[in-house]
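1. let me see the structure of the following:
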Amino acid sequence: MNEVPASANQLLAGPRWPIISALGVVQIFAWGSSYYLLAVLAAPIAADTGWPLAWIVGALSIGLLAAGIVSPRVGDAIGQHGGRPVLTAACLLLAAGLVILAVAPSLWVFVAGWVVLGLGMGAGLYDAAFATLSGYYGHSARSAITTLTLWGGFASTVCWPLSALFLEHWGWRGTCAAYAAIHLTICLPLVVLVLPRNGKPKPLGGVRETPRLALYGHERRAYLTMMAIMVLAGLGVTIVSVHLLTLLQQRGFSLAEAVALGALIGPAQVAGRIGEMVSGGRHHPFWTLAIATALGAAGMTMLASGFPVIGLSLVLYGAGNGIFSIAKGALPLALFGPARYAPIMGRLARPGLIAQAVGPTVGALLLSVAGADQTLIMLAALALANLALVALLWGSTSRGNPAI
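-> Numbering: from 1, shown residues only. Down below sits the predicted model:
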C-alpha cells in the first residue's frame, strides 16, 4: 500500500500510473453499473416485473438528483479528508444500491435503490475522482485528469456487453448482484490498497484559508459562468443521450441506421480526449473548454440545419463532448487552485447533475409538443448559448489571468 504521512501534506512523487489505472477501473464500473445500467436492463426489468418502463428509466433521474444534492458535501469531504475515504464510501454505496435493486420486491424499493445508487454516483464519478487527483498532484493534475477520462470513456464499451452477458446467464437481478460483487471485490480493494491515504491539498501559504470558498470579483463571475455552462451542457448531453435514436428516426432514418450513426459518438469522444492528451497540456484549459463547446455547437447546429453528412455532425458533437469532460475538471483547477478545488467541484457539480436529472423529461416534452426538428433547433440553441457563455468566461478570467 502506498503510504503518505498525513502530516506531510505534500504532493505525491513517483509513478502515477498505478493510481490512475486503479481509478480508471473504478470509473469504468462506477459509470457502467449506474449511469449506463438501464440502457441494457430497462426493457428486461419491465418485461419481468410489469413495472412501467417510464418509472424504471425515471429512477435514473432520481439517482442523478440524489447525486446532485450530495455533491457539495462530497467535495467538502474530499477537501477535508482526501479522496480515498470518499471513494471507499462510494464503492460501498454503489454495491448497496445494486443489492437493493437485485432484491427489490416492488417498484418503490427499486426507486429507493436508485437513491442509494445516486449517493454512490455523487461520491464516486468523475467529479470526486478529479478532486482526488487534484489532492495528490496539485496544479499538475491536468494530465492525470485527461488520462482518467480515457479510462472512463470505455465504461459503456466494457459494461454494455458485460451487462448483456450477465443478463443472458443470470437475469437482470443477477446482473445487479454481479456488479455489486465487482464493486466489493475489485473496486473497493483498488481504492483501499492502491490509493494513498493522504489526498488533501496543501493550503496556500501553508495555512488553511478562512473562509475556504471566498470568491470575489472576477473569480466569482467565473464561478457563476462555469455553473451556467455546466447546467446547459448537462441538459443538452442528457437529451441527446436519451433521445438521439428517436430524433434520427423522426428525421427518416431506420432504427438500424440511427443506431449506426449514434455509435459514432463514442469513438469520437475517445478521439477527442486522445487529441487533448497528445497536445500535452501546452495550452491553458480555457482553450480546451472553448474547443469543446465550439465542436459541440458546430455539430448540433449542422444536425439541426439538415446538413447532409449526419455522421460528421455527430462526430463533431462527440469529440466536443469528450473534450468537455476534461475541461470541466481541468479549468476549475487552473482558475481556483488545488486548495479550493474539491469543494468548488462539488458545488459546480450539483446544478449540472440536476440538469441531467430533468433532461430526459424535458427532451420527451419537446419531442411530443414540438417534434424532432424543433427539438434539434433547441439543442443547437443550447450549444450556441454555451459558446456565448464561454466567451463571457474569457472576458471575466483573461483580465485576472494573463496566461489565458
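2. packing partners of the lowest-mean-pLDDT helix or strand in the chain?
-> Across the helices and strands of the chain, mean pLDDT, DSSP states H and E gives its lowest value to helix 255-262, namely a mean of 86. Helix 255-262 sits against helix 218-250, helix 310-336, with contacts defined as 3 or more CB pairs under 8 Å, 6 or more residues apart in numbering; DSSP states H and E. The way it works is simple: take the backbone N, C-alpha and C, and place the C-beta from them, glycine included.
3. what's the angle from the shortest one to helix 255-262?
-> Computed with axes from the mean of the first three to the mean of the last three CA atoms, to 10 degrees, the direction of helix 310-336 lies at 40 degrees from that of helix 255-262.
4. most centrally placed residue in the chain?
-> When CA atoms, centre = their mean is applied to the chain, the residue found nearest the centroid is residue 126 (5.1 Å).
5. do you know how far it is from residue 348?
-> Here residue 126 is placed at a distance of 12 Å from residue 348 (CB to CB, to the nearest Å).
6. got any residues that touch both of these two?
-> Residues within reach of residue 126 and of residue 348 at once, by CB atoms under 8 Å, 6 or more residues apart in numbering: there are none.
7. quick one: low-confidence ranges for the stretch 101-250 of the chain?
-> 198-213 (pLDDT under 70).
8. list the contacts for residue 315?
-> Counted by CB under 8 Å, 6+ apart, residue 315 has contacts 264-265, 268, 299.
9. one step back: after the least confident helix or strand of the chain comes which helix or strand?
-> helix 265-279 (DSSP states H and E).
10. which residues are contacting that following helix?
-> Here helix 265-279 makes contact (CB under 8 Å, 6+ apart) with 143, 146-147, 149-150, 153-154, 156-157, 244, 288, 292, 295, 314-323, 325-326.
11. if you set the cut-off to 7 Å instead, what comes out?
-> 146-147, 149-150, 153, 156-157, 288, 314-315, 317-323, 326 (CB atoms under 7 Å, 6 or more residues apart in numbering).
12. the helix or strand just after it relative to helix 265-279, how many degrees between them?
-> Later in the chain than helix 265-279, the nearest helix or strand by DSSP H and E is helix 285-304. Orientation check (the same axes, to 10 degrees): helix 285-304 against helix 265-279 gives 150 degrees.
13. circling back to that earlier point, flag every buried residue along the least confident helix or strand of the chain.
-> Using 16 or more other CB atoms under 10 Å as the test for burial, helix 255-262 gives 258, 261-262.
14. which one of those residues is nearest to residue 236?
-> For the buried residues of helix 255-262, the residue nearest residue 236 by CB to CB is residue 262; the value is 15.4 Å.
15. for residue 40, see how far away that closest one is.
-> Note on residue 262: its distance to residue 40, by CB to CB, is 15 Å.
16. now swap in residue 313 and tell me
-> 26 Å.
17. contacting residues for residue 158?
-> By CB under 7 Å, 6+ apart, the residues touching residue 158 are 28, 32.
18. helix or strand for it, which one?
-> helix 155-182.
19. give me the angle between that helix and helix 265-279.
-> 100 degrees.
20. OK, contacts around the residue nearest to the centre of the chain?
-> By CB under 7 Å, 6+ apart, the contact set of residue 126 is 152, 325, 329.
21. give me the buried subset of the contacts of helix 265-279.
-> Buried among these by 16+ other CB under 10 Å: 146-147, 149-150, 153, 156, 288, 314-315, 317-323, 326.
22. return the set of buried residues in stretch 273-288.
-> Here stretch 273-288 shows 273, 276, 281, 284-288 as buried, counting by 16+ other CB under 10 Å.
23. same question, stretch 173-190
-> 173, 175-180, 182-184, 187-188, 190.
24. put the alpha carbons of it into PDB.
-> C-alpha atoms of stretch 173-190 as PDB (Å, rounded to 0.1, in the frame of the first residue of the first chain):
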ATOM      1  CA  ARG A 173     -31.400  -9.300 -10.800                       C
ATOM      2  CA  GLY A 174     -28.300 -11.400 -11.100                       C
ATOM      3  CA  THR A 175     -26.700  -8.700 -13.200                       C
ATOM      4  CA  CYS A 176     -27.200  -6.100 -10.400                       C
ATOM      5  CA  ALA A 177     -25.900  -8.600  -7.800                       C
ATOM      6  CA  ALA A 178     -22.800  -9.300 -10.100                       C
ATOM      7  CA  TYR A 179     -22.000  -5.600 -10.300                       C
ATOM      8  CA  ALA A 180     -22.400  -5.300  -6.600                       C
ATOM      9  CA  ALA A 181     -19.800  -8.100  -6.200                       C
ATOM     10  CA  ILE A 182     -17.500  -6.300  -8.600                       C
ATOM     11  CA  HIS A 183     -17.600  -3.200  -6.500                       C
ATOM     12  CA  LEU A 184     -16.800  -5.100  -3.400                       C
ATOM     13  CA  THR A 185     -14.200  -7.500  -4.700                       C
ATOM     14  CA  ILE A 186     -12.400  -5.300  -7.400                       C
ATOM     15  CA  CYS A 187     -13.200  -1.600  -7.000                       C
ATOM     16  CA  LEU A 188     -13.100  -1.400  -3.200                       C
ATOM     17  CA  PRO A 189      -9.700  -3.200  -2.900                       C
ATOM     18  CA  LEU A 190      -8.300  -1.000  -5.600                       C
END
